[in-house]
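Enquirer: Kindly return the folded structure for what I paste below:
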Amino acid sequence: MNRSLPSDDTLRSLHAQSLQALSPATLARLRQARHGAMAAHRGRWRWWLASACSLVVALGIGLQFTGHGTLTGPAPAPVLASAEDNSALYDENPDLYLWLGDTDLAME
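Expert: I've put the predicted structure just below:
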């Protein structure tokens, strides 16, 4: 089953003979289809570029919404006085209140 392939010149002559056998209408349709396929192929890079750019923009926006890069730790506990610390409020010096009552600073 070792067949030899026809030479390049033989294939070119067969192709030329087949082109002469086709009608002009068929050749025009083939030419139109070839040019349409080439035009479609030329425009594909634009779709790829548009898709890649929109992907980059979407990733950038998504990373901003997720807060990527910010340190998120536990929230600091609010400073609240416990029930035992309330006694410190009543242990203040009563002379302060007497002084405030005697001066006009308390009214300002």
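Enquirer: which residues sit in contact with G62?
Expert: Applying CB atoms under 8 Å, 6 or more residues apart in numbering, one finds that G62 lies in contact with no residue. For glycine as for every other residue, the C-beta is placed from the backbone atoms N, C-alpha and C.
Enquirer: next one: phi and psi at it?
Expert: G62 adopts backbone torsions of phi -60, psi -40, taken as degrees, to the nearest 10.
Enquirer: which intervals of this structure have sub-threshold pLDDT?
Expert: 1-2, 43, 67-73, 76-91, 105-108 (pLDDT under 70).
Enquirer: Could I get the full set of helices for it?
Expert: Taking DSSP state H to define them, one finds helices in the chain at 8-21, 24-42, 44-66, 87-90, 94-102.
Enquirer: Let's have the ones you listed in TSV, adding distance to A75.
Expert: Shown next, in TSV, are the helices of the chain (distance: least, CB to CB, whole Å):
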stretch	distance to A75
helix 8-21	78
helix 24-42	57
helix 44-66	18
helix 87-90	26
helix 94-102	36
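Enquirer: separation between S7 and L14?
Expert: Shown here: S7 relative to L14, a distance of 11 Å by CB to CB, to the nearest Å.
Enquirer: now swap in F65 and tell me
Expert: Taking CB to CB, one finds F65 at 64 Å from L14.
Enquirer: Those two: who's more crowded?
Expert: Set F65 next to L14 and count neighbours by other CB atoms under 10 Å: L14 wins out with 11 against 7.
Enquirer: can you count the residues close to the closest residue to the more buried one other than its chain neighbours?
Expert: The shortest distance from L14 to any non-neighbouring residue, by CB to CB, 6 or more residues apart in numbering, is to P6 (7.8 Å). Neighbour count of P6, defined by other CB under 10 Å: 10.
Enquirer: next one: phi and psi at P6?
Expert: phi -70, psi 150.
Enquirer: Need the distance between the two termini of stretch 34-48.
Expert: Distance between the two ends of stretch 34-48: 22 Å, counting by CA to CA, to the nearest Å.
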